[in-house]
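Visitor: make a model of this:
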Amino acid sequence: MTVAFFSGKSRRIGVALGAVSAGLLVLSACDKPTPLATVTVNSDSVAAEAACYNDGDPIKESLIQGCLNDKKAEHSVEVAMDDKVRFGVDPEIAENGWTLFINGQQAEQEPYKKTYRSIPGSAFFSSQTGEPTSKTQISIVETKGKKLTGIWHFQLKKTD
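Guide: Numbers count the residues shown, from 1 in each chain. As a prediction, this is how the structure comes out:
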């Protein structure tokens, strides 16, 4: 004769509690993904999560220059001089405002507040000395007032 250690109802409650606990454990281990930024040229499109991001809070001043200059773009797209380079950001980035940095240098004074913009490819391929370049690192930088809250990197490669 076998003796049941737990009644059917107790077993079901135990299994349900175990499943809920396991689900909460899995959810707590997940990081919320950063918002995406996208660069599109013709039919080529690349999207990236932020290279530096602090969940919408300002990035520490001590980390900003390192992130702008030391982090290399993982995503690249080829651009001809007469192509249009289209930049797109998630609405939460646009709500705060964003600006472009070219090779680590701020390229515009005022943040842009829309999710999409288009710039001619020729704007990206001359150095500060006026010499033509074949590659340019573009950083999309989210701002909140005067603070930087996110940085996304892309590389534009000039085609012949």
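Visitor: what are the ranges of the helices in the protein?
Guide: 8-28, 61-70, 91-96 (DSSP state H).
Visitor: lowest average pLDDT across those helices?
Guide: Between the helices of the chain, the one with the least mean pLDDT is helix 8-28; it has a mean of 52.
Visitor: low pLDDT regions in the protein?
Guide: By pLDDT under 70, the low-scoring segments of the chain are 1-32, 127-130.
Visitor: all strands for it, in order.
Guide: Along the chain, counting by DSSP state E, strands occupy 37-41, 44-48, 52-53, 76-79, 84-89, 98-102, 105-106, 116-120, 135-144, 147-158.
Visitor: buried stuff in the fifth one?
Guide: It refers to strand 84-89. V85, F87, G88, V89 (16 or more other C-beta atoms under 10 Å). Bear in mind the C-beta positions are built from the backbone N, C-alpha and C, glycine included.
Visitor: so what are the domain limits for this structure?
Guide: Domain segmentation of the chain under automatic domain parsing yields 1-30, 37-158.
Visitor: just the buried residues of stretch 40-58, please?
Guide: Residues of stretch 40-58 classed as buried by neighbour count (16+ other C-beta under 10 Å): T40, V41, V46, A48, A50, A51, C52, Y53.
Visitor: what's the first-to-last distance across that stretch?
Guide: Start and end residues of stretch 40-58 are separated by 27 Å (C-alpha to C-alpha, to the nearest Å).
Visitor: Throw the strands of the chain into JSON lines and include distance to S126, thanks.
Guide: Converted to JSON lines, the strands of the chain look like this (distance: least, C-beta to C-beta, whole Å):
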{"stretch": "strand 37-41", "distance to S126": "18"}
{"stretch": "strand 44-48", "distance to S126": "22"}
{"stretch": "strand 52-53", "distance to S126": "27"}
{"stretch": "strand 76-79", "distance to S126": "13"}
{"stretch": "strand 84-89", "distance to S126": "15"}
{"stretch": "strand 98-102", "distance to S126": "10"}
{"stretch": "strand 105-106", "distance to S126": "13"}
{"stretch": "strand 116-120", "distance to S126": "12"}
{"stretch": "strand 135-144", "distance to S126": "9"}
{"stretch": "strand 147-158", "distance to S126": "10"}
